[in-house]
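Engineer: for reference, the sequence and a predicted model appear below.
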Amino acid sequence: MVSKPKYIAVAGNIGAGKTTLSTQLAKYFNWSVHYEDADDNPYLADFYNDMQRWAFNLQIYFLNSRYKQVLKILKGDKTVIQDRTIYEDAHIFAPNLHEMGLMSTRDFDNYQDLFATMSSQVSGPDLLIYLRASIPTLVSRIHERGRDYEGNMSLDYLKKLNQRYENWISGYQEGKLLIIDADNVDFINNPEDLGSVIDSVSSQLHGLF
């Protein structure tokens, strides 16, 4: 019996198209999806209104939520695609909040220590799909979906996140990596572009198993 991938993940900045692509790939490959817990997150709206007050609470919530997802995926017998990874929380969002002065060094050190403990208990995804998108693409998609709490997001915040994403991806060693140019591949509205992404994912998976 040929083994199959168990854990696929989609990474990318806010507005890159992670949820849409996760849904499309799950439908095509008959995978289950674990979405980012954004709509049910009790801290998100408060965070965007007062980042300094709620940054640590928000990041702990995301860390715990995604850790529980990974444990469930690795214990299960289905192939699951995850919308955003635990690594993004630790390598991009929390350090960015700390650098911006929105999370204290005491809280950040506590957070990093907790992440180190959690990540030592789980393995990385069989395949990480990174959606690389420029600021104009991100802004356009954020405006299209019209979430009220994202309306106050600054361009500087998105730029800082993008730079951290690039730094993280350049040194990524947790497993197989596929980079998709979300500026020039419209998998949301163009079936041909979606087909090319599916082909790329398929070839990566065949190389894995």
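Structural biologist: Sure, I can see it.
Engineer: tell me which element N64 falls in.
Structural biologist: helix 51-75 (DSSP states H and E).
Engineer: now for that helix, which elements pack on it?
Structural biologist: strand 7-12, strand 32-34, helix 44-49, strand 80-83, helix 86-88, helix 94-99, helix 105-119 (3 or more CB pairs under 8 Å, 6 or more residues apart in numbering; DSSP states H and E). From N, CA and C alone the C-beta is placed, and that goes for glycine too.
Engineer: which strands and helices sit next to the fifth one?
Structural biologist: Spelled out, it's helix 86-88. helix 51-75, helix 105-119, helix 155-170.
Engineer: contacts for it?
Structural biologist: Identification of contacts with helix 86-88 by CB atoms under 8 Å, 6 or more residues apart in numbering yields 11, 63, 66-67, 70, 115, 118-119, 122, 124, 165, 168, 174.
Engineer: re the thing from before, return the set of buried residues in the helix holding N64.
Structural biologist: 51, 54-56, 58-63, 65-67, 69-70, 73 (16 or more other CB atoms under 10 Å).
Engineer: what of stretch 187-197?
Structural biologist: By neighbour count on 16+ other CB under 10 Å, the buried set for stretch 187-197 is F187, L194, V197.
Engineer: still on that earlier bit, closest one to T137 among the helices and strands packed on helix 86-88?
Structural biologist: Closest to T137 of the helices and strands packed on helix 86-88 is helix 155-170 (CB to CB; 10.4 Å).
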